[in-house]
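Engineer: Model the following, please.
(one chain, ligands or ions: 1)
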Amino acid sequence: MKRTYKFRLHPTGKQVRALERTLNLCRILYNCALLDRREHHRKTGQGLTYNRQAAQLVRDKEAHLILVEVHSQVLQDVLRRVDRAFDNFFRRLSTGARKPGYPRFKGEGRYDSITYPQQPGFRITAEGRLYLSKIGHIKIKLHRPIQGEIKTCTVRRQAGKWYACIAAEIGGAPPAIPIRSAVGVDRNIINLATLSDGRVIENPRQLRGMEKRLALFQRRASRKKPGSRNRKKANARVARQHAKVADKRRGHAHKVSRFLVDTYDLIVFEDLLIPNMVRNGHLAKHIHDAGWGMLARFASYKAEEAGKAVLRVEPRGTTSDCSGCGKSVPKQLGDRLHRCPACGLEVDRDVNAARNILTRGLRLLNTAGTAGIHAWGDPASTVGDASLRQAGSLNQEAPSVRAG
Ligand SMILES: [Zn+2]
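Structural biologist: The predicted structure follows:
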């Protein structure tokens with residue numbers, strides 16, 4: 001199992017220039033390799049393979065000494081990217097996609113990452129720096145330890161900042177542990193999530209402020225004249241704020257997913273590949289989706305490491321169905337309470353949904369052996385910066401879990 005760590009880099013001015021030059025050389029190689037494939041196909045009706053292009057690269061390096069400035073494996077990785085782009089294109093073509101998307105040339109400034117596919121082309125030095133062959137020793141903020149065997153390093157330019165994404169192999173998952181506690185997680189509109197045991201996971205207050213600022217910057221940018229200097233400046237500000245929001249959200253998603261995996265043996269999410277809400281272009285919603293996706297993803301890999309389980313279930317009907325008796329109880333958007341006329345259950349709307357999600361997860365599991373699951377335990381009050389709180393005082397008497 002592979003895991004990727006993202007670290008901020010603080011290159012010197014000279015290193016930035018070297019990185020940018022490398023990006024540009026890689027971009028040119030990418031475009032040339034793309035063109036070669038296109039021409040070859042036009043003349044012969046056949047494709048070019050990675051191996052043939054890699055052999056050509058060796059000859060090109062003799063003719064164009066400038067290529068020697070870039071680590072050879074980084075150059076080979078550029079060719080692999082071209083190869084993948086064509087593979088994807090042909091796959092889309094074979095599935096009859098309406099817009100298969102022929103691989104495109106990368107314009108200036110549109111090529112933002114390079115990959116060192118193996119050590120010792122790069123390494124973390126004893127002094128805690130990132131050594132990149134042909135670039136130098138770069139200051140790196142290793143804010144958490146890397147577990148497992150380091151495999152690849154991708155250096156990325158994002159909104160004017162530099163990052164290293166280091167992938168490590170952490171070996172097979174440890175043997176599964178028995179499930180003693182399980183939880184359903186309902187994504188909701190106001191907070192990040194509501195759990196089936198009544199806990200509410202909120203986004204940090206600070207994040208909401210940052211998002212508001214982002215929306216404000218975006219509105220301002222959209223009012224500037226397209227192509228103008230002011231528009232460019234405003235767009236840069238939007239990008240910087242966007243990166244800040246993303247950082248904060250990532251940190252929070254790590255904290256919450258850690259809490260979930262430490263607290264529960266089985267965590268059930270809604271499967272968002274099945275669209276259950278009307279998609280719209282609203283910014284806040286888009287950002288919210290991004291945070292939610294991260295939470296589920298981080299919980300999945302943390303659970304895998306800990307030998308715990310994450311399941312995804314069909315989200316349709318989780319809000320309307322009664323978690324007590326299964327009867328469908330339609331709701332308006334503003335109805336905060338689930339009130340079942342059939343069995344009399346009264347519970348917070350989101351808690352009801354979360355319990356349905358949990359029930360579906362348990363049904364997915366082989367029900368044998370899950371009868372003793374302690375599913376709706378006593379909620380703890382806070383985690384971290386008050387990110388969790390109990391959902392109101394609605395119906396704290398949780399029914400026991402029925403297996404099957
Ligand atoms: Zn009911």
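
Engineer: CA only for contacts and neighbour counts going forward, please
Structural biologist: OK.

Engineer: For this structure, list the residues in contact with the ion, please.
Structural biologist: 322, 324-325, 340, 342-343 (CA under 5 Å from the ion).

Engineer: please redo it, this time with the cut-off set to 8 Å
Structural biologist: Contact residues, the chain versus the ion (CA under 8 Å from the ion): 321-327, 339-345.

Engineer: Quick check on those: which are buried?
Structural biologist: For the residues of the chain next to the ion, a burial check counting by 16 or more other CA atoms under 10 Å picks out 321-324, 339-340, 345.

Engineer: longest helix of this protein?
Structural biologist: When the chain is parsed with DSSP state H, its longest helix is helix 229-263.

Engineer: can you pull the contacts of the residue sitting nearest the centre point of the chain?
Structural biologist: What sits nearest the mean C-alpha location of the chain, by CA atoms, centre = their mean, is Met294, with 4.5 Å. For Met294, the contact set (CA atoms under 8 Å, 6 or more residues apart in numbering) comprises 250, 253.

Engineer: Relative to Ser257, how far out is it?
Structural biologist: Distance, Met294 to Ser257, using CA to CA, to the nearest Å: 9 Å.

Engineer: still on that earlier bit, for the residue nearest to the centre of the chain, pull up the helix or strand it's in.
Structural biologist: Taking DSSP states H and E as the criterion, Met294 maps to helix 283-306.

Engineer: Could you tell me the phi and psi values at the nearest residue to Arg157 once chain neighbours are set aside?
Structural biologist: The shortest distance from Arg157 to any non-neighbouring residue, by CA to CA, 6 or more residues apart in numbering, is to Asp112 (5.2 Å). The phi/psi pair for Asp112 (degrees, to the nearest 10) reads phi -120, psi 10.

Engineer: For Asp112, which residues are in contact?
Structural biologist: Neighbouring residues of Asp112 by CA under 8 Å, 6+ apart: 23, 156-158.

Engineer: Find the pair from the residues you listed with maximum spatial separation.
Structural biologist: Maximum pairwise distance among those (CA to CA): 12.7 Å, between Leu23 and Gln158.

Engineer: Neighbour count for those two, which is higher?
Structural biologist: Higher neighbour count among Leu23 and Gln158: Leu23, with 23 against 13, using other CA atoms under 10 Å.

Engineer: Surely that one is in contact with Ser113?
Structural biologist: Yes - contact between Leu23 and Ser113 holds when scored by CA atoms under 8 Å: they sit 6.7 Å apart.

Engineer: Can I get stretch 16-36 in CSV, CA atoms only?
Structural biologist: C-alpha atoms of stretch 16-36 as CSV (Å, rounded to 0.1, in the frame of the first residue of the first chain):
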residue,chain,number,x,y,z
VAL,A,16,13.6,28.5,-7.7
ARG,A,17,15.3,29.5,-10.9
ALA,A,18,16.7,26.0,-11.3
LEU,A,19,13.3,24.4,-10.7
GLU,A,20,11.6,26.7,-13.1
ARG,A,21,14.1,26.1,-15.8
THR,A,22,13.7,22.3,-15.2
LEU,A,23,9.9,22.6,-15.5
ASN,A,24,10.3,24.5,-18.7
LEU,A,25,12.7,22.0,-20.2
CYS,A,26,10.4,19.1,-19.2
ARG,A,27,7.5,21.0,-20.8
ILE,A,28,9.4,21.3,-24.0
LEU,A,29,10.3,17.6,-24.0
TYR,A,30,6.7,16.8,-23.3
ASN,A,31,5.5,18.8,-26.2
CYS,A,32,8.2,17.3,-28.5
ALA,A,33,7.3,13.8,-27.5
LEU,A,34,3.7,14.5,-28.1
LEU,A,35,4.5,15.9,-31.5
ASP,A,36,6.7,12.9,-32.4
